[in-house]
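Participant: Dropping a prediction and its sequence here:
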Amino acid sequence: MTERTTHRAGVWTPQGSGRAAFVPHPVPPDPPIRIGGSLQTLLSEADRSLGRLDGATEILPNPDLFVAMYVRQEAVLSSQIEGTQSSLADVLAVEAGQVGAGANDTHEVINYVRAMNAGIDELQRLPLSLRLIRMIQAELMRNVRGEHATPGEFRRSQNWIGPPGSTLDTATFVPPPVPQMMEALDQLEAFLHDRESLPTLVHCAVTHAQFETIHPFLDGNGRVGRLLITFQLVERGTLRKPLLYLSHFFKRHRAEYYDRLMAVRNDGNWEAWVEFFLRGIVEVSRDATTLAREILSLREAHLRAVGTERSPFAIPLLELLFERPIITVRAAEQALGCTYGQANALIGRFEKLGILHETTGHRRNRIYQHSPYLQLFDAATPDIGGSGLRKPID
């Protein structure tokens, strides 16, 4: 195979295997991305949608609780793209200490939540950098599949992308060899600090595509690349809270996602990729804004329902359920600082009101879930499979 360039995106370089590896050119692309016409209109719509999402969180009494649940949902969706089978209910069950709920897939999702939180915390002290990227990948790989694939370190050998069982000879895509990879990473880090060349959302689109093309880790590249989108938006002040996640959009349009990335590598078609990315921003922002408003409506309805309760622990229990939607009587007792009998009686009244549902059918060691709340998240992603929520016991 002879070397051929894509003019804007990079160079295909023959390898000894007969396959060609793709070595990306530095970004921003040259010639520049053409932002005009329909692309400019879409960019303006994406900016407005993000602004509405950012504003919608401010109407919530405790936006951090919404963020925490939304991060968990994103962790489930992003990990499902990589083949995990864990659900939102599984993650919440492990966090609630349910015995037997801790499958390896679930711990991968929990690692994603930790990685997101660690990255947001680190951004308060340091700019987005290769160091932070390595730290996030190490957190993702902690004590799960891939933990032996040099977590927190860029790869020292050639990798490739393809279906299970594929080899370098049969790969769908071969990222750059290690020396060119390191050079491309240095260039990407410089681009992360570039605030002038591109609008923020276009910058995020280019960063994601470039990172996935470089594919610098032996495992976890997809999840890290998706996290980078949110990190950039928070670092640049576009979002005050980490609330924009494209995993649902990428999974729903998985074939187009890969086709658009390959069109960048094969044809230098950055414009089509950016358009696809911005469509995702618009769609996901609208969905998240709707969800925030539905949560507010649900909370107000629940407050009216428990308003006649005489217990001083009724409102605190309701607020607790928006933070910990799977709970036991013992956990409620400890969190509220009340007696076991008080917690048990109050949970029983919440069950009659339809706020809580018992999930085990047992007389002892009963587990309750805030089903109306969890079902809002389930309904937000109806096309990718259920959240794993248990049906109420009759």
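Facilitator: That came through, no problem.
Participant: worst-scoring helix or strand of the protein, pLDDT-wise?
Facilitator: Lowest by mean pLDDT, DSSP states H and E among the helices and strands of the chain is strand 4-5, with a mean of 58.
Participant: Next secondary structure after that strand?
Facilitator: For strand 4-5, the following helix or strand on the C-terminal side (DSSP states H and E) is strand 10-14.
Participant: Just list what that next one packs against, helices and strands only.
Facilitator: strand 4-5, strand 20-24 (3 or more CB pairs under 8 Å, 6 or more residues apart in numbering; DSSP states H and E). The C-beta positions use only the backbone N, C-alpha and C, and glycine is treated the same way.
Participant: run the last query once more with 10 Å
Facilitator: Packing partners of strand 10-14 (3 or more CB pairs under 10 Å, 6 or more residues apart in numbering; DSSP states H and E): strand 4-5, strand 20-24, helix 178-192, helix 254-267.
Participant: what helix or strand is the residue nearest the centre of the chain on?
Facilitator: Nearest to the geometric centre of the chain sits Glu74, at 3.6 Å (CA atoms, centre = their mean). Assigned by DSSP H and E, Glu74 belongs to helix 63-81.
Participant: by contact count, what packs against that helix?
Facilitator: Counting by 3+ CB pairs under 10 Å, 6+ apart, the packing neighbours recorded for helix 63-81 are helix 88-95, helix 104-122, helix 130-140, helix 221-235, helix 247-252, helix 270-306, helix 314-323, helix 371-380.
Participant: let's go with 7 Å and repeat that
Facilitator: helix 88-95, helix 104-122, helix 221-235, helix 247-252, helix 270-306 (3 or more CB pairs under 7 Å, 6 or more residues apart in numbering; DSSP states H and E).
Participant: that older thread, closest one to Pro216 among the helices and strands packed on strand 10-14?
Facilitator: helix 178-192 (5.9 Å; CB to CB).
Participant: Let's test this: mean pLDDT of that closest one, rounded?
Facilitator: Averaged across helix 178-192, pLDDT comes to 98.
Participant: Taking helix 221-235 as reference, get the angle to the helix or strand just after that helix.
Facilitator: Counting by DSSP H and E, the element after helix 178-192 in chain order, helix or strand, is helix 200-214. Put simply, helix 200-214 runs at 160 degrees to helix 221-235, going by axes from the mean of the first three to the mean of the last three CA atoms, to 10 degrees.
Participant: could we number from 36 for the rest of this?
Facilitator: Taking 36 as the first residue, the last one we looked at is helix 235-249.
Participant: hmm, back to that, can you give the contact residues for the helix holding Glu109?
Facilitator: 92, 95, 121-123, 126, 143-144, 147-148, 151, 257-258, 261, 276-278, 280, 282-283, 285-286, 323, 327, 330, 357-358, 412, 416, 419 (CB atoms under 7 Å, 6 or more residues apart in numbering).
Participant: 6 Å instead?
Facilitator: 92, 95, 123, 126, 143-144, 147-148, 151, 258, 261, 276, 278, 280, 282-283, 286, 357-358, 412 (CB atoms under 6 Å, 6 or more residues apart in numbering).
Participant: For those residues, I'd like a selection string for ChimeraX - just the buried members, please.
Facilitator: A single ChimeraX command selects the buried members of those (16 or more other CB atoms under 10 Å):
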select :92,95,123,126,143,144,147,148,151,258,261,276,278,280,282,283,286,357,412
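Participant: helix, strand or coil for the residue lying farthest from the centre of the chain?
Facilitator: Ranked by distance from the centre of the chain (CA atoms, centre = their mean), the top residue is Arg345, with 40.5 Å. When classified by DSSP: H, G, I helix; E, B strand; the rest coil, Arg345 comes out as coil.
Participant: tell me the contacts of it?
Facilitator: Shown in contact with Arg345 (CB under 6 Å, 6+ apart): no residues.
Participant: Now do the phi/psi pair for it.
Facilitator: Here is the backbone geometry of Arg345 (degrees, to the nearest 10): phi -80, psi -20.
Participant: Let me know the pLDDT of it.
Facilitator: Residue-level confidence at Arg345 comes out at 87, pLDDT.
Participant: And the one 3 residues further on, by the same measure?
Facilitator: The predicted local confidence for Phe348 comes out at a pLDDT of 96.
Participant: wouldn't it be in contact with Cys373 here?
Facilitator: Yes. At 5.1 Å, Phe348 counts as touching Cys373 under the criterion of CB atoms under 6 Å.
Participant: What count of nearby residues applies to Val299?
Facilitator: For Val299, the count of nearby residues is 26 (other CB atoms under 10 Å).
Participant: Kindly report the same for Gly200.
Facilitator: With other CB under 10 Å as criterion, Gly200 counts 6.
Participant: Next, work out how far apart it and Ala206 are.
Facilitator: To Ala206, Gly200 is 11 Å away according to CB to CB, to the nearest Å.
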